[in-house]
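**Q** Need coordinates for the below:
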Amino acid sequence: MATLRTRSGAAIGVLVLAAATANAQDTRPERKAAGAPVDIVAATHHDTSPPLWQIPAAPRQSPRENDAPRRLPRPRPASGEVQPDRALQAEAPSATPPVVLQDFDGVGQGFTGPAGTFTVDAAPPDTNGDVGPNHYVQIVNTDLAVFTKGGTPLLGPVPVNTLWSGFGGGCQLNNDGDPVVIYDPIADRWLISQFSVSGATGTVTNPFLQCVAVSQTADPTGSYFRYSFPYTQFNDYPKVGVWPDGYYATFNMFNAAGTAFFGAKACAYDRARMLLGLSATQQCFNTSTAFGGLLPADLDGSRLPPAGAANPVVALGAAVNQLAVWKFHVDWTTPANSTFTGPTILATSPFAEACGGATCIPQPGTTQRLDSLADRLMYRLAYRNFADGHQSLVVNHSITSGSSVGVRWYEIRLDGAGNPSLFQQGTYAPDAAFRWMGSIAQDQNGNMALGFSVSSSTLQPRVHFTGRLASDPAGQMTQGEGTLIDPVGVQLQFLNRWGDYSMMAVDPSDDCTFWYTTEYIPTSGTFNWRTRIGTFRLPGCGTTTTPPVIGLKVNGLHPTPPVVTVAGPTTLTLDVTPGTSSTAVDWYWAFASNGTLFWVTSTGVSTTPAPWFHAPPVTLSNVTLLDFTLPPASSITNILFMVDGTALVASDFITATRP
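**A** Modelled structure (predicted):
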């Protein structure tokens, strides 16, 4: 949520909706019936950009800002009525934290890339980024950069509106922020978006805009199909998610001054047409002022939602201790059939928003407090459809925990009709430090990773993470607390903005590696934030999906049943298909001859069990294990099996007999 760059003398009035008059006391009923009206608005303009790497950087706009964030109206527990947090995890996880695979600085003060060196000119950074098969793209307020997956910057830092150079209108002229970048794993494309609100009046000729660009190819430095979608109100805090039938976006709608809240808006952009660079429309629904901070579901993994599934949209409830879940179904052929159904209310363990939704995060050596932005859920609402058929959503927000602040996280599951239920929840607050500004996601095994900021009166704001395995007890983060960076700086006077969001993404190349990015302060100061990008994996990811397959053969044969008749000279061969397992296992090779079991070692045979070798399963094809001559009236049973600890991973046997 970027703070607006206030222009001297800019007078922007209260807006009027195209279909209905709205004001700060909007009491319109929730649009939730199948026949509720949908707002259908075409993009004001669309075109195709030159390759991004060829576009000269746009002129920089450099006002410094520290306005208060645009708060959302939230119910507060009455004094003395805050109930115990039944989801609290008050002890630190005992497991060793996951190993950080790599970490490096992203865009921030002093960051240098092919386009030069970045200087901070706005706060907060609104840090987020996503990962594709070959790139990591990071975006902050004002600038973006493209990296190799090894951390080498390929493009940037350049102002975000560089991408709209030559497009015309506010998208080209303004670099207003609240940016989002997401990778579309279905189409192998990238989506980059930010709003244009400076000087807007909400009229047909001067609307508020959402600037959306979709890459033509898998290369984020290449050409983009560019769009501008109009709004009659200030479209604050946009968030975007990928779904098969659309790109879904949510907004908090305000008057031009950002002082009157009109409710939330949920929109779907016509993804199929935007992937081709064709003219496109958006379909939108509005909530009442009882709801704000909605998040659309964003797809992770290669397994798509069930055919025709609605996009789940989630927010904090209109009453305390609630989540609200909508089902957004879009029909591009017959828009009148589009629906925004809900909300379904899910009761949660009791909570109170951190800092009352405002500013209270302490730092050492200063009275300057940091903003919690706890009046809303934190980006992303990560969706995954698992091979066993269950559909899962994970999301988090910051809550009061005793005298400090912790991260409350949820897993919501959907039934076959898309109806939600709260599967598990937890509050990660293992000590007296303040943890906030989190982001959460799941890998292909259902393991969860949670990244966040940590600060206290003795700890400078730092970047940490934790996680849990799918097999762990419900509500518990068990995998230790890891560190991306523990800096020595604090944010000093007159600047309390922090965040306003971070991003946990999952690498589509292996569906196991997590990529997390957020801000930190390198040395004590003001307007000198940096960002960090780091990767890690949780134990066992990828080892249970497809076990290796062993195939033993005698003289090239493995019939069913596995018995082969030989005439004398005999060759034993081996084939192994490794599946997706990457865990090192013990391979045992043995054979039984005339009633005696022999174990094969690197130096010969033994009657004492011994592993053949210890390594990840690898692809083996027609590998000769043994050549021998079987005596008449005898048999030999050849056995090979893999063991991970005490668990049998794979095995095979075959018997050769000679009459």
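
**Q** For the stretch 151-300 of the chain, just list every one of the strands.
**A** Per DSSP state E, counting those that start in this stretch, the stretch 151-300 of the chain has strands spanning 153-159, 180-184, 189-196, 208-215, 224-231, 234-243, 246-254, 261-269, 281-286, 295-299. These are given in chain order.

**Q** Neighbouring strands - and their directions - for the first one?
**A** So that's strand 153-159. strand 143-148 (antiparallel) (DSSP bridges).

**Q** which residues are in contact with the strand it pairs with?
**A** 106-107, 111, 113, 118, 134-138, 153-160, 163, 179, 181, 192, 220-221, 533 (C-beta atoms under 8 Å, 6 or more residues apart in numbering). For glycine as for every other residue, the C-beta is placed from the backbone atoms N, C-alpha and C.

**Q** can you check stretch 160-176 too?
**A** Counting contacts by C-beta under 8 Å, 6+ apart, the residues touching stretch 160-176 from outside are 2, 4-5, 44-45, 47, 49-50, 52, 55-58, 60-61, 139, 142-144, 159, 177, 179, 192, 194-200, 209, 211, 213, 224, 226, 228.

**Q** hmm, back to that, may I see the strands of the stretch 151-300 of the chain arranged in a markdown table, with mean neighbour count as well?
**A** Converted to a markdown table, the strands of the stretch 151-300 of the chain look like this (neighbours: other C-beta atoms under 10 Å):
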| stretch | mean neighbour count |
| --- | --- |
| strand 153-159 | 23 |
| strand 180-184 | 25 |
| strand 189-196 | 26 |
| strand 208-215 | 26 |
| strand 224-231 | 25 |
| strand 234-243 | 25 |
| strand 246-254 | 26 |
| strand 261-269 | 25 |
| strand 281-286 | 23 |
| strand 295-299 | 25 |
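
**Q** Low-confidence stretches in the stretch 1-150 of the chain?
**A** Low-confidence regions of the stretch 1-150 of the chain, defined by pLDDT under 70, span residues 1-36, 62-66, 79-81.

**Q** do you know how far the closest residue in space to V330 that isn't next to it in sequence is from V137?
**A** Across the structure, with C-beta to C-beta, 6 or more residues apart in numbering as the measure, the residue nearest V330 apart from its sequence neighbours is A268 (4.2 Å). As for A268, its distance to V137 is 23 Å (criterion: C-beta to C-beta, to the nearest Å).

**Q** same thing with T518?
**A** In this structure, T518 and V137 are separated by 16 Å, where distance is defined by C-beta to C-beta.

**Q** thinking again about what came up before, ok, the residue nearest to V330 - contacts?
**A** Contact partners of A268, counting by C-beta under 8 Å, 6+ apart, are 243, 245-249, 282-284, 311, 328, 330, 338.

**Q** and which of those is nearest to D39?
**A** D39 has its nearest neighbour among the contacts of A268 in C284, at 4.4 Å by C-beta to C-beta.

**Q** The closest one is in contact with Y269, isn't it?
**A** No. Taking contact to mean C-beta atoms under 8 Å, the distance of 9.9 Å between C284 and Y269 leaves them out of contact.

**Q** Let me see the contact set for the residue lying closest to T400 once chain neighbours are set aside.
**A** Counting by C-beta to C-beta, 6+ apart, T400 lies nearest to A352, which is 4.5 Å off, once chain neighbours are set aside. When contacts are counted by C-beta under 8 Å, 6+ apart, A352 touches R76, P77, V82, V320, I399, T400.

**Q** Same list (the residues you listed) but as CSV, adding neighbour count, distance to A290 and secondary structure.
**A** What follows is the contacts of A352, written out as CSV (neighbours: other C-beta atoms under 10 Å; distance: C-beta to C-beta, whole Å; DSSP: H, G, I helix; E, B strand; the rest coil):
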residue, neighbour count, distance to A290, secondary structure
R76, 12, 14, coil
P77, 15, 17, coil
V82, 14, 21, coil
V320, 19, 13, coil
I399, 25, 20, strand
T400, 23, 22, strand
